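Student: Provided below for reference: sequence and predicted model.
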Amino acid sequence: MTELTLSRESWPLREVFTISRGSKRQADVVVAALRAGDITGYGECLPYARYGESVDNVAEQIASLESDLRNGLDRLTLQSRLPAGAARNALDCALWDLECKLYRQRIWQRLTLPVPHTQETAYTLSLDTPEHMRQAA
C-alpha cells in the first residue's frame, strides 16, 4: 500500500531568470511523496501556465489518483491515467524514486543500463544586457 502526500513549495532562485514571456524570482513547485512502509519516494514538478497548468490544478490531478496509488497504481499504468505534463512527471519521478529505494538500486541499475558518465548539457541564459549575458556564458 502506497500513501501519497502532496506539498506546494516555493523555491527562491539565486538570480532572477528572464525569458521573453517574463521574469521569475522563485520556482513554485508541487512535491509528491509516496510512502510504502518506512520508505518514501519523492518527485516534484514546476507547472507551466503556458500549458494551462497551475500549482493548484496540478496538485488536484495528482490527488485524483490517491486511491489508485494506495491500490498499487504503477509507472506503466500512470502513463495512460494522466496526460503528459507536470502532474504525471512528479508522480513518475516519485514512483521511480520509491522503486529504486525499495530495491536499493540506482535508476540506471533498475533499467539495466551501463554506469552513467558525465554528459554535456544545455543551459538557458537569462535575458539581460549583452555584457551580463556574455559574463554568464
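Tutor: Thanks, I have it.
Student: contacts for the longest strand seen in the chain?
Tutor: Longest strand in the chain by number of residues, with DSSP state E as the criterion: strand 3-19. Where contact means C-beta atoms under 8 Å, 6 or more residues apart in numbering, the residues beyond strand 3-19 that reach it are 23-36, 44, 55, 59, 62-63, 65-66, 69-70, 124, 126-128. All C-beta spots, glycine's among them, are computed from the backbone N, C-alpha and C.
Student: Among the residues you listed, which lie within helices?
Tutor: Restricting the contacts of strand 3-19 to those inside helices, with DSSP state H as the criterion, leaves 55, 59, 62-63, 66, 69-70.
Student: With distance to Leu91 as added columns, please give the residues you listed in CSV.
Tutor: Converted to CSV, the ones in helices among the contacts of strand 3-19 look like this (distance: C-beta to C-beta, whole Å):
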residue, distance to Leu91
Val55, 15
Ala59, 11
Ile62, 6
Ala63, 11
Glu66, 11
Leu69, 8
Arg70, 13
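Student: most surrounded residue in those residues?
Tutor: Counting neighbours by other C-beta atoms under 10 Å, the top entry in those is Ile62, with 24 neighbours.
Student: tell me which element the closest residue to Gly43 other than its chain neighbours is part of?
Tutor: What sits nearest to Gly43 in space, not counting adjacent residues and going by C-beta to C-beta, 6 or more residues apart in numbering, is Cys93, at 3.0 Å. Using DSSP states H and E, the element containing Cys93 is helix 86-103.
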